[in-house]
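A.B. asks: Take a look and give me a structure for this.
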Amino acid sequence: MNKVFLTIVAFMTYMVMSGLMTQIGVLISPMATYLDIPVTTAASMFSLLTGGTFAGTFVAMWVYSRFPIKHIFQCNYLTFLLLLIFLVMLDIRVQWVVSVYLFTLGICCGVGLAGGAVLIAKLYDEQKRASAFLATDCSFSLAGFMFPSLAIALLAANHQWTIGYGAVGGLALLILLATFTLAFPENREVAKPKELAGIASASTTKIWTPRVFIIALALCCYLTTQTTFLTWAPNYLQQALDLDASQAAAAVGNYWGPSVFGLLTVTLLVMKIPTRPLLVTVIIIAVILSILLYTSQDPQWFLTVTLALGFMTSCIFKLGISVGSQQIQNAPPILVTFLLCSATVGSTIAPALSALVVSIFGVSSAMLMTVIGFVLVGLLVATCLLLEKRASTISLTKAEI
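C.D. replies: Predicted coordinates for the structure are as follows:
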């Protein structure tokens, strides 16, 4: 039972991060009103949240190799809960204070998410680990449906935008309580620092190829595109298609809800269909759906297409990671880490970048950015696969000679 509960804790670390990230599109306008700032400024502030998450992943690399998992979780989620309490209870309408809150909450999310991944790696062998990591994606998507929907209901009941984030504290509290009741696995150093440095230097020289950088850029573009769409879809529905706030905010839930079933479907499909053609097909569908969204003048049709977008395209990230990790034979773990970090850069810059574009060209430009983003992802993936095929042909020719 201890293993089962620890697995649930790992899933909850993903849900906590999702609970903060996926509410961005719903909370931009209420936060702008709360702080008396333009909507574009409020949107750019959320880059501090995503940037804090990015910083948290680097903090995690250091702390999890030096301290027990249980103690890290206790410090991390106690800090997280205190920050949420201050955010909800103290009515401080100062932009820089809220910015500090968002950045620090992001760091806590990054450290917690890495801890969830560490737990899964320690609890399951390689055969079952892939399924467990897929389940983390499903839990992320499930939270992406739950918390924005809850935020919509809270805002409709005239609660402050901060209450939507406060609700995420319930999961953080459960994680904190679990650290006092469950037996967490111990950390063990696999190699001495000098050995690790030698391994790293030997392996990194083998992974810096054009194909790796291209697929890393594709992943960065994908998360930039996804985050841009989810950030601005509610505002676009309100300003361009004249939908009221509560109905417009449903776009976020419409994306994340079907994505759970999309991920499960793809898990079954990859057993029968090769990863590369499946990835290309999904990207083409993403481009078509994003064009439909950009050209739609019917808000209900927009929300319906968003359901399809969530179901069909949420798998692009993991399929891309899979293809990227296959660009180097016997690829070291640092390759996957590099791909993940490159992708995270996309979600980090997306709020600020999209806010800048929207402030210049209007809210419709965010939907155009979505189309352009998916097209870029498709071009980059196609380029990577063509280079891969060319390299394979050259290798076969040399082998025949």
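A.B. asks: drop to CA atoms for contacts and neighbour counts, all remaining ones
C.D. replies: Fine.
A.B. asks: wait, what's in contact with Ile152?
C.D. replies: Residues counted as contacts of Ile152 (Cα atoms under 8 Å, 6 or more residues apart in numbering) are Val26, Ser246, Ala249, Ala250.
A.B. asks: Next up, identify which helix or strand the first one is on.
C.D. replies: Using DSSP states H and E, Val26 sits within helix 24-35.
A.B. asks: tell me the angle of the helix or strand that that helix is followed by relative to helix 24-35?
C.D. replies: Later in the chain than helix 24-35, the nearest helix or strand by DSSP H and E is helix 39-63. Relative orientation of helix 39-63 with respect to helix 24-35: 120 degrees, computed using axes from the mean of the first three to the mean of the last three Cα atoms, to 10 degrees.
A.B. asks: Can you point out the buried residues in helix 39-63?
C.D. replies: 39-57, 59-60 (16 or more other Cα atoms under 10 Å).
A.B. asks: Pull up the distance across stretch 324-343, start to finish.
C.D. replies: 12 Å (Cα to Cα, to the nearest Å).
A.B. asks: What residues of that stretch count as buried?
C.D. replies: So, applying 16+ other Cα under 10 Å, buried residues of stretch 324-343: 324-325, 327-328, 331-332, 335-336, 338-343.
A.B. asks: cool, and stretch 144-153?
C.D. replies: Gly144, Phe145, Met146, Phe147, Pro148, Ser149, Leu150, Ala151, Ile152.
A.B. asks: What pLDDT does the model give Phe58?
C.D. replies: For Phe58, the model assigns a pLDDT of 83.
A.B. asks: re the thing from before, for the buried residues of stretch 144-153, give me TSV that also has pLDDT and distance to Asn2.
C.D. replies: Shown next, in TSV, are those (pLDDT from 0 to 100; distance: Cα to Cα, whole Å):
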residue	pLDDT	distance to Asn2
Gly144	89	27
Phe145	88	28
Met146	90	26
Phe147	91	27
Pro148	90	31
Ser149	89	32
Leu150	91	30
Ala151	90	33
Ile152	89	35
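A.B. asks: As TSV, those residues with distance to Ala135 and secondary structure would be great.
C.D. replies: Rendered in TSV, the data for the buried residues of stretch 144-153 read as follows (distance: Cα to Cα, whole Å; DSSP: H, G, I helix; E, B strand; the rest coil):
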residue	distance to Ala135	secondary structure
Gly144	14	helix
Phe145	15	helix
Met146	16	helix
Phe147	18	helix
Pro148	20	helix
Ser149	21	helix
Leu150	22	helix
Ala151	24	helix
Ile152	26	helix
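A.B. asks: so Gly144 touches Met17, yeah?
C.D. replies: No. Applying Cα atoms under 8 Å, one finds Gly144 not in contact with Met17, separated by 9.4 Å.
A.B. asks: sorry, back to before: narrow the buried residues of stretch 324-343 to those in helices?
C.D. replies: Among these, the residues falling in helices (DSSP state H) are Gly324, Ser325, Leu335, Val336, Phe338, Leu339, Leu340, Cys341, Ser342, Ala343.
A.B. asks: which of these lies closest to Thr383?
C.D. replies: Gly324 (12.4 Å; Cα to Cα).
A.B. asks: doesn't Ile214 make contact with the closest one?
C.D. replies: No. Using Cα under 8 Å, Gly324 makes no contact with Ile214, being 9.0 Å away.
A.B. asks: Same list (the buried residues of stretch 144-153) but as CSV, adding distance to Leu84.
C.D. replies: Formatted as CSV, those follow (distance: Cα to Cα, whole Å):
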residue, distance to Leu84
Gly144, 19
Phe145, 21
Met146, 18
Phe147, 15
Pro148, 17
Ser149, 19
Leu150, 17
Ala151, 15
Ile152, 19
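A.B. asks: most neighbours, which of the contacts of Ile152?
C.D. replies: The member of the contacts of Ile152 surrounded by the most neighbours (other Cα atoms under 10 Å) is Val26, with 31 neighbours in all.
A.B. asks: mind checking how far that one is from Thr304?
C.D. replies: Where Thr304 is concerned, Val26 sits at a distance of 18 Å (Cα to Cα).
A.B. asks: likewise Phe67?
C.D. replies: For Phe67, the distance to Thr304 - Cα to Cα - is 47 Å.
A.B. asks: try Leu219
C.D. replies: Taken as Cα to Cα, the span from Leu219 to Thr304 is 26 Å.
A.B. asks: next one: Val287
C.D. replies: Val287 is 16 Å from Thr304, by Cα to Cα.
A.B. asks: Ok, Asp137 next?
C.D. replies: For Asp137 relative to Thr304 (Cα to Cα), the value is 22 Å.
A.B. asks: Those two: which is more packed in?
C.D. replies: Counted by other Cα under 10 Å, Asp137 and Thr304 do not tie: Asp137 has more neighbours, with 22 against 15.
A.B. asks: dump the residue contacts of the more buried one.
C.D. replies: Asp137 sits next to Tyr14, Val260, Leu263 when contact means Cα under 8 Å, 6+ apart.
A.B. asks: Could you single out the nearest of the residues you listed to Ile349?
C.D. replies: For the contacts of Asp137, the nearest to Ile349 is Tyr14 (20.4 Å; Cα to Cα).
A.B. asks: In terms of helices and strands, where is the closest one?
C.D. replies: helix 2-21.
A.B. asks: Only alpha carbons, please: show that helix as PDB.
C.D. replies: Provided in PDB are the C-alpha atoms of helix 2-21 (Å, rounded to 0.1, in the frame of the first residue of the first chain):
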ATOM      1  CA  ASN A   2       2.900   2.300   0.700                       C
ATOM      2  CA  LYS A   3       4.000   2.100  -3.000                       C
ATOM      3  CA  VAL A   4       0.400   2.800  -4.200                       C
ATOM      4  CA  PHE A   5       0.100   5.900  -2.000                       C
ATOM      5  CA  LEU A   6       3.600   7.200  -3.000                       C
ATOM      6  CA  THR A   7       2.500   6.800  -6.600                       C
ATOM      7  CA  ILE A   8      -0.500   8.900  -5.900                       C
ATOM      8  CA  VAL A   9       1.700  11.500  -4.300                       C
ATOM      9  CA  ALA A  10       3.800  11.500  -7.500                       C
ATOM     10  CA  PHE A  11       0.700  12.100  -9.600                       C
ATOM     11  CA  MET A  12      -0.400  14.900  -7.300                       C
ATOM     12  CA  THR A  13       2.900  16.800  -7.800                       C
ATOM     13  CA  TYR A  14       2.000  16.900 -11.500                       C
ATOM     14  CA  MET A  15      -1.600  18.000 -10.700                       C
ATOM     15  CA  VAL A  16      -0.300  20.800  -8.400                       C
ATOM     16  CA  MET A  17       1.700  22.200 -11.300                       C
ATOM     17  CA  SER A  18      -1.100  21.800 -13.700                       C
ATOM     18  CA  GLY A  19      -3.500  23.500 -11.300                       C
ATOM     19  CA  LEU A  20      -1.400  26.700 -11.500                       C
ATOM     20  CA  MET A  21      -0.400  26.600 -15.100                       C
END
